[in-house]
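> Provided below are the primary sequence and the corresponding predicted coordinates.
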Amino acid sequence: MTLHFSVLASGSTGNAFYIGTDQTKLLVDVGLSGKKLEALLDDIQVNPSELDGILVTHEHSDHIKGVGIFARRYQLPIYANEKTWEAMEPNLGKISTDQKFHFGMETSQTFADLDIESFGVSHDAIDPMFYVFHHEGKKVSMLTDTGYVSDRMKKTVGNSDAILFEANHDVGMLQMGGYPWNIKRRILSDKGHVSNEDAAVAMLDVIGNRTKHIYLGHLSQDNNMVDLARMSVEQILKKHDVAVGEQLLLEDTSPVKPTPICYV
């Protein structure tokens with residue numbers, strides 16, 4: 001079986017990502033209840049008892065809500081960097097020592113037939129980082145929860161076969177919406193979330209000849225819409241001669257249902 005994945009849930013109400021190979025099956029984040037995650041995995045016909053571990057990106061509740069429950073239920077090791085462990089551990093419940101593992105920032109680890117590298121992002125968490133997965137020449141990357149996309153991030157995720165890429169908000173909807181000004185300022189800041197337009201502009205530097213799928217992730221339920229995000233991104237990409245719908249497929253994600261498993 002080739003490298004394959006599903007965006008199980010994406011959005012401010014909870015995030016979870018599944019990635020697998022012949023020998024390795026991992027989750028990235030469990031930002032929803034154990035019961036809900038079991039249902040999402042069942043939808044893509046993945047047995048939780050076959051999982052090999054949970055990678056954590058950062059300590060915000062929409063990424064760790066079910067980590068402790070799920071790790072205990074299925075005896076899964078948890079991987080996070082040192083500062084993230086310190087920040088999230090009080091919210092996980094009791095985790096046995098033999099389930100706690102460190103995955104340092106800007107480092108790589110090998111899980112059987114899957115090589116994983118971590119990289120830092122700009123978000124208002126203690127030490128947030130995301131992951132790039134390599135298997136037999138294929139590359140899948142995750143990049144959400146960042147206020148901007150730096151050149152270093154672009155280089156790290158560049159020319160992936162598939163990318164989960166943040167398109168959090170429409171700036172106009174956010175500015176006109178009912179959020180308090182301090183929340184709006186946080187979202188728009190360099191440590192907040194990437195807008196539809198900024199995501200598309202960053203994608204222009206990330207899309208390579210291998211890139212076939214971009215999943216638009218972490219959409220705000222209050223300040224974005226699936227069709228608006230896709231239209232905004234597609235418009236900018238097509239303006240710069242990216243063959244959306246032919247060379248490249250823009251894929252939607254959902255906070256409540258998984259994407260079909262994608263094989264790369």
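Perfect, thanks for sending it.
> wait, Val30 sits on Ile64?
Yes: counting by C-beta atoms under 8 Å, Val30 touches Ile64, with 6.9 Å between them. For glycine as for every other residue, the C-beta is placed from the backbone atoms N, C-alpha and C.
> quick one: terminal-to-terminal distance for stretch 205-222?
In stretch 205-222, first residue to last residue: 28 Å (C-alpha to C-alpha, to the nearest Å).
> Give me the distance from that stretch to the chain's centre.
Here the centre of stretch 205-222 is set off from its chain's centre by 10 Å, with C-alpha atoms, centre = their mean, to the nearest Å.
> Buried residues, it. List them.
Residues of stretch 205-222 classed as buried: Val206, Ile207, Thr211, His213, Ile214, Tyr215, Leu216, Gly217, His218, Leu219, Ser220 (neighbour count, 16 or more other C-beta atoms under 10 Å).
> Give me the neighbour count for Gly178.
Number of residues near Gly178 (other C-beta atoms under 10 Å) recorded here: 8.
> quick revisit: filter the buried residues of stretch 205-222 down to the ones in helices?
When those are checked against helices (DSSP state H), there are no matches.
> Need those residues in TSV (columns: distance to Gln235 and pLDDT).
Converted to TSV, the buried residues of stretch 205-222 look like this (distance: C-beta to C-beta, whole Å; pLDDT from 0 to 100):
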residue	distance to Gln235	pLDDT
Val206	17	98
Ile207	15	98
Thr211	18	98
His213	19	98
Ile214	14	98
Tyr215	18	99
Leu216	13	98
Gly217	19	98
His218	20	98
Leu219	17	98
Ser220	19	97
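> and the two most separated of those residues?
The distance between the two most remote of those (C-beta to C-beta) is 24.7 Å, for Thr211 and Ser220.
> Please name the residues that touch Arg210.
Counting by C-beta atoms under 8 Å, 6 or more residues apart in numbering, Arg210 touches Lys139, Asn159, Ser160, Asp161.
> Let me fix that, I meant to ask about Gly172.
Gly172 touches nothing, counting by C-beta under 8 Å, 6+ apart.
> Look at it and give its secondary structure.
Recorded secondary structure, Gly172: helix (DSSP: H, G, I helix; E, B strand; the rest coil).
> Ala199 versus that one, what's the distance?
Gly172 is 15 Å from Ala199, where distance means C-beta to C-beta, to the nearest Å.
> again, but for Gly34
Noted for Gly34: a distance of 31 Å to Ala199, by C-beta to C-beta.
> ok, which stretches of the stretch 101-250 of the chain are strands?
Ranges of strands within the stretch 101-250 of the chain are 108-111, 114-120, 129-135, 138-143, 162-166, 213-217, 249-252, based on DSSP state E, counting those that start in this stretch.
> Would you mind finding the most buried of those?
Sort those by mean neighbour count, taking mean count of other C-beta atoms under 10 Å, and strand 162-166 sits at the top with a mean of 27.
> give the contact list for the closest residue to Leu3 other than its chain neighbours.
In space, and not counting its chain neighbours, Leu3 is closest to His135: 4.1 Å by C-beta to C-beta, 6 or more residues apart in numbering. Shown in contact with His135 (C-beta under 8 Å, 6+ apart): Thr2, Leu3, Thr21, Asp113, Leu114, Asp115.
> Appreciated, that's everything.
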